[in-house]
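Student: Turn this into a structure:
(one chain, ligands or ions: 1)
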Amino acid sequence: MSSPVDLLIKNASQLVTMPAPPDRPRSGGDLDEIGLIPDGALAISGEKILAVGPTTRVLAQVEIGPDTTILEARGQTVQPGFIDPHTHTVFAGWREAEFSQRLRGVSYLEILQAGGGILNTVARTRAASFEDLLASTLAKLDQFLLYGTTTVEIKSGYGLNRADEIKMLRVMEAASQLHPVEIVPTFLGAHAVPPEFQDRKERYIDLLTREILPEVASEKLAQFADVFCEEGVFTVQESERILSRAQELGLGAKLHADELAATGGAELAARLGAISADHLLKVSRQGIEHLAKRGVVAVLLPLTSFFLRAAGFAPARTLIQAGVPVALATDFNPGTSPVQSQALTIGLACLKLGLSPAEALAATTVNAAHALRQGDHLGSLTPGKQADVVILNAPSHEFISYRFGTNLVRTVIKKGRIVVFQGRLKLKGRGDGYEP
Ligand SMILES: [Zn+2]
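Tutor: Sure, this is the predicted structure:
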């Protein structure tokens, strides 16, 4: 025995460990092996997990001192913090009026032609000050934390010019300094063709590859680059040009692929060795084989299909059977998924994608970590991993999908520190600071 542990959770009715080889995400039949420990305990020292196992064994293994915080988790489930590997969290303005229009039968094209859709968000995000964008981003991160999400990927892509794309990335940088939720920034300058380049797309791609991407890379403002590869937006060839350039500059590649039509986006993601291919509603058989062969993570976004009342959902079971590692994300954005709850994603993944509760939980923790190249330290509750832990007011993990409209999160621990307690934020400088 060494020094006393800082925090101990004990007597959890279920402790979900998600044990995983650190070098690869789960696929095929491994996806639902979530490492359940009944009557589980978990000990934290500093920012890391020190011990995990049945309560009696952990109590025998660790030292408890007068300063050790002890959390009793009888009747509750303990799991890794949710990771959301695909969001567009930095934006100004919501689009609730368009939602009503869509429900009345107005098409997205008509909305777009009237200056709405993504162009609405681009105009408002360009007009927003850095301070206003930062304040609204911090409020959104608070909400993620209350839902048990401890790490989020966030994409730029509502600036679509040098100054405003950099502004979005700087907001993410500042928010990571101020907020416990960990942010993985992705550059998505190729989210849409900006209005002022409507007939000069080539010129915009030149701007991205020659000016903006090199600046993003040299300032270390993003870990990944992403492209909206879709009919009428960026072609496979254009996406390849942008992402190859990003890779030359040291960024990882991600791709919005095969959402509305099978354009060969999945094949491109595999060819580039992208870390993930996202959406994939229309992915081809060949695309699935290529993803499996290269181990590209398929990030599926069922909330978007649901919110858009799309004709179908991504072929999750086919992807899993083919050996493609599957992760799940909210796609949080003001137009097509104004939703931040990974529990809701899990509910839809079970009901609409055919995943089991265990598979969906793996897809929002360990595999989501791998979709961000963070699987070596995030996504599982095993000794040595970062202590990002959620305690749910639920006797088993099945309750997440079963009661998916209810926020069951009671306690959230980020890097060993309690940041949500009894369902309320406990953040320094805001709220009343939890003293154990
Ligand atoms: Zn997206």
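Student: remind me which residues of the chain are low pLDDT?
Tutor: For the chain, applying pLDDT under 70 flags the ranges 1, 20-22, 429-436.
Student: mind giving me the domain ranges of it?
Tutor: Under the assignment automatic domain parsing, the domains of the chain span 7-80+380-425, 83-370.
Student: So which of these is the most surrounded?
Tutor: domain 83-370 (a mean of 21; mean count of other CB atoms under 10 Å). Where you see a C-beta, it was placed from the backbone N, CA and C, and this is true even at glycine.
Student: End to end on it, go ahead and measure it.
Tutor: Terminal residues of domain 83-370 lie 10 Å apart, using CA to CA, to the nearest Å.
Student: so how far is Ala369 from the residue nearest to the spatial centre of the chain?
Tutor: The residue lying closest to the centre of the chain (CA atoms, centre = their mean) is Asp84, at 1.7 Å. To Ala369, Asp84 is 11 Å away according to CB to CB, to the nearest Å.
Student: How about Leu207?
Tutor: In terms of CB to CB, Leu207 sits 33 Å off from Ala369.
Student: just Lys167 next, same as before
Tutor: Lys167 is 28 Å from Ala369, by CB to CB.
Student: returning to that earlier point: report the set of residues contacting both of Asp84 and Ala369.
Tutor: Thr151 (CB atoms under 8 Å, 6 or more residues apart in numbering).
Student: Tell me which residues touch the residue nearest to Thr318 when sequence neighbours are not counted, please.
Tutor: Counting by CB to CB, 6 or more residues apart in numbering, the nearest residue to Thr318 once its immediate chain neighbours are dropped is Ile288, at 6.4 Å. Ile288 makes contact with Ala266, Pro315, Thr318, Leu319, Ala322, Val324, according to CB under 8 Å, 6+ apart.
Student: any idea how far Ile288 is from Leu308?
Tutor: Counting by CB to CB, the gap from Ile288 to Leu308 is 22 Å.
Student: in the sheet, who's paired with Leu328?
Tutor: Going by DSSP bridges, Leu328 is paired in beta bridges with Leu300.
Student: Confirm for me that it is in contact with Ala371.
Tutor: No: Leu328 is beyond contact range of Ala371, at 9.3 Å (criterion: CB atoms under 8 Å).
Student: what's the span of stretch 97-110, first residue to last?
Tutor: 14 Å.
Student: how far away is the closest residue to Tyr158 other than its chain neighbours from Ser100?
Tutor: Among residues not flanking Tyr158 along the chain, Thr125 sits closest, at 3.8 Å (CB to CB, 6+ apart). According to CB to CB, Thr125 stands 22 Å off from Ser100.
Student: what ranges do the strands span in the stretch 51-200 of the chain?
Tutor: Assigned by DSSP state E, counting those that start in this stretch, the strands in the stretch 51-200 of the chain fall at 69-72, 77-80, 82-84, 149-155, 182-190.
Student: In a markdown table: these, plus distance to Ala12.
Tutor: Below are these laid out as a markdown table (distance: least, CB to CB, whole Å):
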| stretch | distance to Ala12 |
| --- | --- |
| strand 69-72 | 9 |
| strand 77-80 | 4 |
| strand 82-84 | 17 |
| strand 149-155 | 18 |
| strand 182-190 | 24 |
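Student: Quick one: closest of the ones you listed to Arg417.
Tutor: strand 69-72 (10.0 Å; CB to CB).
Student: what residues does stretch 226-240 touch?
Tutor: Residues outside stretch 226-240 that contact it (CB under 8 Å, 6+ apart) are 155, 157, 186-188, 190-193, 201, 205, 242-243, 253-257, 259-261, 263-265, 267-268, 271-272, 278.
Student: quick one: terminal-to-terminal distance for that stretch?
Tutor: 10 Å.
Student: Can you give me the end-to-end span of stretch 288-307?
Tutor: Start-to-end, stretch 288-307 (CA to CA) is 25 Å.
Student: what do you get for stretch 25-37?
Tutor: 21 Å.
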